[in-house]
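Chemist: One predicted model, sequence on top.
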Amino acid sequence: MDSLYDGVGLGIYGIKLHYRAMQQGYYPDECFPRASEANASKYGIFWGSRYWLRDGVLSVLLALIIGSFFYQPVQVEGTSMLPELKDHERIVVSRFAYDFESIQRGDIIVFHYPLDPAESFVKRVIGLPGDWVSVKGGQVFVNGKRLMEPYIQPAYFDHQSYAPVHVPPNHYYVLGDRRNFSNDSRDWGTVPRKYIYGKAVFAYWPLSDLGLLH
């Protein structure tokens with residue numbers, strides 16, 4: 001009985017002691033167990049780094065998902081678009097660009113080859129629906145006016161002539177920038193709009209060619 005009383009008495013005494021200490025503004029360490037400053041700093045850095053890593057991974061995954069939905073990486077095969085596009089160069093194609101904007105003269109487009117839709121070609125748009133396109137001694141004329149083409153180098157110029165072609169509705173007249181070595185609308189006609197599936201917008205490999213396409 002005495003031992004039980006002593007235990008209760010010590011407990012009450014301890015509470016009173018701590019209460020008085022709090023009144024005096026003194027808090028013994030045993031009242032509030034806590035981690036050392038070194039451990040607190042270590043755990044803080046760990047948890048902060050973990051959340052930073054999680055946010056970084058989620059951001060990268062989200063960017064990849066969105067990017068794969070709107071953009072498609074492709075590899076150029078051939079030299080018909082020199083000097084703008086080189087053989088085996090890797091570019092990014094915007095698959096939904098023409099859902100928000102119209103196809104413009106001078107755009108570099110990717111499309112299914114009209115004579116074999118299993119193949120894909122990349123060319124530059126020269127004639128829009130309703131245009132008359134002709135080639136005289138290598139010079140391109142659209143609706144009777146000479147088309148200025150700063151993207152063609154003299155070494156790739158073609159001096160042949162081609163009869164005027166009327167571009168039908170929902171069709172496009174396309175040419176390669178390397179005019180003397182390109183299989184394009186001069187040979188097989190215009191491209192139906194339904195065969196065009198993207199706009200070439202960016203070159204990313206090799207790194208020496210990194211940048212927007214024009």
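Modeler: Cool, the structure landed.
Chemist: SS state for the residue lying closest to D209 once chain neighbours are set aside?
Modeler: Nearest non-adjacent residue to D209, counting by C-beta to C-beta, 6 or more residues apart in numbering: A203, 4.8 Å away. Placement of C-beta: from N, CA and C, glycine included. Assigned state for A203: strand (three-state reduction, DSSP: H, G, I helix; E, B strand; the rest coil).
Chemist: ok, A203 - contacts?
Modeler: L85, E89, R90, I91, V92, D209, L210, G211, L212, L213 (C-beta atoms under 8 Å, 6 or more residues apart in numbering).
Chemist: Are we agreed that N180 is in a helix?
Modeler: Yes: judged by three-state DSSP, N180 forms part of a helix.
Chemist: and whichever strand or helix holds I126, which residues are buried?
Modeler: Counting by DSSP states H and E, the element that carries I126 is strand 116-127. Buried residues in strand 116-127, counting neighbours by 16 or more other C-beta atoms under 10 Å, are found at S120, F121, V122, K123, R124, V125, I126, G127.
Chemist: just checking, what packs against that strand?
Modeler: strand 108-113, strand 139-142, strand 171-175, helix 185-188 (3 or more C-beta pairs under 8 Å, 6 or more residues apart in numbering; DSSP states H and E).
Chemist: at 6 Å what do you get?
Modeler: strand 108-113, strand 171-175 (3 or more C-beta pairs under 6 Å, 6 or more residues apart in numbering; DSSP states H and E).
Chemist: After that strand, which helix or strand is next?
Modeler: In N-to-C order, the element after strand 116-127 by DSSP H and E is strand 132-136.
Chemist: Alright, that wraps it up for me.
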